[in-house]
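K.L.:
I would like to see how this sequence folds:
(one chain, ligands or ions: 1)
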Amino acid sequence: MRKYTRFVVESTRPHYILWGSVPCPPIPVGQKFNGLCRRSLGAQTADAKGSTSMGARSGRQYLDSLRDDRQIWIDGARVADVTKDRRFAAAARTMADLYDMQHDPALQERLTYASPTSGDRVGLSFIQPKSVDDLVRRRDMVKTWMDATCGMFGRSPDFMNIMVTGFACAAQAFGGADKKYSQNISNYYLYCRENDVAMTHTLVNPQVDRSKSVEKQDKDLAAKIVKETDAGIVIRGARMVSTLCAYSHDLLVMPSTYLANSEEARPYAFGFAVAVNAPGFRFICRPSVIHSEAASPMDYPLAARLDETDAMVIFDDVLVPWERVFIHRDPEMCNGLYNRTGAMPQIMHQFTTKNLAKAEFMMGLAFAIARATKIDAHLHVQGMLAELIQFTEFARACLRASEADAKPNAWGFMTPAAMPLWTVRMMFPKMFIRMCEIIQTLGAGGLVAVPSYAELSGPMRADVETYFQAANADARQRIKLFRLAFDAAVSSFSGRQQLYERYYSGDPVRLAGTLYEIYDKAPYIDHITDMLDHLEARHVQQ
Ligand SMILES: Cc1cc2nc3c(=O)[nH]c(=O)nc-3n(C[C@H](O)[C@H](O)[C@H](O)COP(=O)(O)OP(=O)(O)OC[C@H]3O[C@@H](n4cnc5c(N)ncnc54)[C@H](O)[C@@H]3O)c2cc1C
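P.N.:
Residues are numbered from 1 along each chain as shown. Next up is the predicted model:
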């Protein structure tokens, strides 16, 4: 029997980084910062391009690395500097806070590990798990970042770190006869791990005509290979949705939709990574959900720090160097990628942890609202709060089951059991929408009757302090709590979160089809058949 040393999915004491966190102090070049030495800015820029390694990034190093001439477009204009722009600066700061947590002495052991190659501390989401204990450690790392962002910053770098690590744990599945592609994915993983590269990704072709496969479209807008050169492949067209593009160093482009195994489909059959500031790249973003006109960031405490940004990516003859190509004109490899590599359970392990953090956050919020106005005295309110407990404990139990039933993949890397994670993947979108509905139901008119946080220090202060109290909260507590609840369950930020939960891991309709396809149905059908045969045999004997 296997022994698990650290098995409990604990509620960690969160390290919140919502609006109001301390700005990152500049670290002098060469000075030790929590045991890590910051390299010169020049060397750091080179790091982001792949020449030397740096280990786990600090927030300052991260912010500096974003000033790289990337083409981020929003509201009809190009963004000069995402770290300063009013629509992007706050989320850039959030990313920097996450990176800074890696250097907090109290969290360093929890968030980083010693690189097996350089010995530097590197992000724990890059660990290639060899045991259940490694999975538990990695989950604890993800949970710490997710608790800091209430589970509402779903594409924090751990998501893509775990995806790339998952591919690298099955590197030999890449390339078929041409092993350079398996070497490329291994090298890319090492580069990302040693340089703490933040990645965005695009798996989906633009919505043009979903009634036809990509190679049969009248308007040929999807990204495709237009030529090969000695230096690499050249890509033209578009892909969606690039969440986190404004805050990433690299874009990973991988397949997801089914491709015909035909000559015409081959230009669309690729997998590669490329720097977001590569010549010819343009990211056209949706408008921000930040309320820049709000009197106080406390009015929209989530939107104020956690707008990840989503964008369409335009490739205007972008050159991808051969060493960053992982799949080349290979529909068969594209279609079988996730089955062949087994990377999906690793990714699902990350986002189930995100779901647990999000469920705990929404549950805590609902408890606090119910306590504030004493509606938790009513039985049907307790019923709704019990639903939130069930959602939370369901996610926790599935996460634990995936670790308990983990098995090594063909190359010896520990892989969480897929089915408990698939179950959360399919059910969580509905759960999250119900969580929002419960918070709306509990908060009711109070969600729109509380004023801006700014009223607490305005001319109406006396009225506000008197009339916005609740049985168990003074006006300040009540206003803060209900503004947070509004942002979590009612605002445009919440609408985007609900859409995210519906779709970020794929179309639920086609995912349900896949789940049905891959589920091992035979034992259950056999059980029914055996039972009927048995009954029939008894009936005949009588
Ligand atoms: C907030 C948000 C963030 C995202 N971030 C990322 C990201 O960072 N990276 C990334 O790669 N992707 C991201 N996605 C995109 C996500 O992968 C897709 O939304 C998802 O795969 C569904 O594809 P689609 O949006 O093109 O919908 P469509 O495929 O256009 O589907 C729209 C509707 O039509 C139906 N439909 C369309 N075609 C078919 C078909 N062939 N068979 C059956 N039904 C069909 C669907 O069921 C659905 O109801 C994000 C999405 C959202 C909403």
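K.L.:
how about the residues of this structure near the ligand?
P.N.:
Proximity of the chain to the ligand (Cβ under 6 Å from any ligand atom) is limited to residues 155, 201-204, 207, 210, 241-243, 310, 496, 499-500, 503-504, 506-507, 509-510. (Glycine included, C-beta is placed from N, CA and C.)
K.L.:
Buried among those residues? Make that a ChimeraX selection.
P.N.:
Selection of buried members from the residues of the chain next to the ligand for ChimeraX, criterion 16 or more other Cβ atoms under 10 Å:
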select :155,201,202,203,204,241,242,243,310,496,500,504
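K.L.:
Assess the claim that residue 356 and residue 396 are in contact.
P.N.:
Yes. Counting by Cβ atoms under 8 Å, residue 356 does reach residue 396; the two are 5.6 Å apart.
K.L.:
who's more crowded, those two?
P.N.:
Neighbour count, other Cβ atoms under 10 Å: between residue 356 and residue 396, residue 356 has more, with 29 against 21.
K.L.:
mind listing what that one touches?
P.N.:
9, 143, 146, 151, 392, 395-396, 399 (Cβ atoms under 8 Å, 6 or more residues apart in numbering).
K.L.:
Quick check: of these, which lies closest to residue 285?
P.N.:
Taking Cβ to Cβ as the measure, residue 285 lies nearest residue 151 of the contacts of residue 356, at 22.4 Å.
K.L.:
Just the pLDDT for residue 25.
P.N.:
For residue 25, the pLDDT comes out at 33.
K.L.:
Skipping its backbone neighbours, what lies nearest residue 483 in space?
P.N.:
Using Cβ to Cβ, 6 or more residues apart in numbering and skipping residues adjacent in sequence, the residue nearest residue 483 is residue 299, 5.2 Å away.
K.L.:
What is the neighbour count of that neighbour?
P.N.:
By the criterion of other Cβ under 10 Å, residue 299 has 22 neighbours.
K.L.:
now residue 127
P.N.:
By the measure other Cβ under 10 Å, the count of residues near residue 127 is 23.
K.L.:
Surely it is in contact with residue 136?
P.N.:
No. If you go by Cβ under 8 Å, residue 127 and residue 136 don't touch, sitting 11.0 Å apart.
K.L.:
any common contacting residues for these two?
P.N.:
Common neighbours of residue 127 and residue 136, counting by Cβ under 8 Å, 6+ apart, are absent.
K.L.:
check contacts around the residue nearest to residue 483.
P.N.:
So residue 299 contacts 291, 452-454, 483, 487 (Cβ under 8 Å, 6+ apart).
K.L.:
what separates it from residue 454, distance-wise?
P.N.:
Note on residue 299: its distance to residue 454, by Cβ to Cβ, to the nearest Å, is 8 Å.
K.L.:
same deal with residue 430?
P.N.:
Distance of residue 430 to residue 454, computed by Cβ to Cβ: 36 Å.
K.L.:
Tell me which stretches of the stretch 351-500 of the chain form strands.
P.N.:
Counting by DSSP state E, counting those that start in this stretch, the segments of the stretch 351-500 of the chain that form strands are 407-408, 414-415.
K.L.:
quick one: what helix or strand has the residue nearest to residue 255 when sequence neighbours are not counted in it?
P.N.:
Leaving aside its sequence neighbours, residue 255 sits nearest to residue 334 (Cβ to Cβ, 6+ apart; 3.6 Å). Take DSSP states H and E as the rule and residue 334 turns out to sit in helix 331-341.
K.L.:
low-scoring pLDDT stretches of this protein, where are they?
P.N.:
Residue ranges of the chain with pLDDT under 70: 1-53.
K.L.:
Centroid-nearest residue for this protein?
P.N.:
Nearest to the geometric centre of the chain sits residue 155, at 2.8 Å (Cα atoms, centre = their mean).
K.L.:
quick one: contacts for that one?
P.N.:
200, 243-244, 308, 504.
K.L.:
will you turn those into CSV that also has secondary structure?
P.N.:
As requested, the contacts of residue 155 are arranged in CSV below (DSSP: H, G, I helix; E, B strand; the rest coil):
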residue, secondary structure
200, strand
243, coil
244, coil
308, coil
504, coil
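K.L.:
Sort out which of the contacts of residue 356 are in helices and list them.
P.N.:
Among the contacts of residue 356, the ones falling in helices (DSSP state H) are 143, 146, 392, 395-396, 399.
K.L.:
If we only consider the residues you listed, which is nearest to the ligand?
P.N.:
residue 146 (16.6 Å; Cβ to the nearest ligand atom).
K.L.:
you'd agree that closest one is up against residue 353?
P.N.:
Yes. The pair residue 146 / residue 353 is scored as a contact, 6.2 Å apart, by Cβ under 8 Å.
K.L.:
Relative to the strand ranked longest in the chain, what are the paired strands and their orientations?
P.N.:
For the chain, the strand with the greatest residue count under DSSP state E is strand 311-321. Strands adjacent to strand 311-321 in the sheet, as given by DSSP bridges, are strand 232-239 (antiparallel), strand 281-285 (antiparallel).
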